[in-house]
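Novice: quick one: sequence plus predicted model below, questions after.
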Amino acid sequence: MRTLLFGLALLVAAHGSALAAKDTAKKTKKATATAADPNEVVGKAHGGKVWIVSGTSPSGEGEDLSKWLATHPSAGEVTKKPNEERWPITFIAVFKKSPAKGPITVEFVDKKEPGTLVDQFSPPTVAESVVFQEPYDLDTNNGFNKDHTYIIKVGQLIKGKFVSYATGEIALK
């Protein structure tokens, strides 16, 4: 009987320490995932918006990027040179939470015709953060026109449907 009780006590102790180890592993994994993205602060403060930059884009992250975004308007106006057929931009999309694994998709819609898709593309870069930054050329040959305002939507195609994570506006001059 004593042996049976001793064995039972060992079993309970082993099971309890295994549960404690599993709980500690979960907490460590969660803390690592949270600490892995320094831009999580940016997502909480500015999530859901897209900034358009025609010059030098910010290179910082975390608090530095959050301060930069706070001092710049999310809607942008871009002017092209008279002999150019394109408006080179860099867009900075800030998501409220990390995107699903897979490619990001960017859509442009003319503000005057919200049902008409002007351009859609998936950059080769995969988003690994709540901040996604990518250069792009808005070209007249792809349907972009001077004196038009476009809505930019950054998200993902999930089960064949576009899910938007961030939106912004850009006026072409």
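Specialist: Everything's here; your move. Residues are numbered from 1 along each chain as shown.

Novice: can you tell me the SS state at the nearest residue to residue 45 once chain neighbours are set aside?
Specialist: In this structure, residue 45 finds its nearest non-sequential neighbour in residue 66, 5.3 Å apart by C-beta to C-beta, 6 or more residues apart in numbering. C-beta here means a position set from N, CA and C on the backbone, and glycine is covered the same way. Three-state assignment for residue 66 (DSSP: H, G, I helix; E, B strand; the rest coil): helix.

Novice: I'd say residue 66 and residue 40 touch.
Specialist: No. Applying C-beta atoms under 8 Å as the test, residue 66 and residue 40 come out as separate, 10.4 Å apart.

Novice: sorry, back to before: contacts only, for the residue nearest to residue 45.
Specialist: 41, 42, 45, 46 (C-beta atoms under 8 Å, 6 or more residues apart in numbering).

Novice: quick one: buried ones out of those residues?
Specialist: 42, 46 (16 or more other C-beta atoms under 10 Å).

Novice: out of the contacts of residue 66, which sit inside helices?
Specialist: Among the contacts of residue 66, the ones falling in helices (DSSP state H) are 41, 42, 45, 46.
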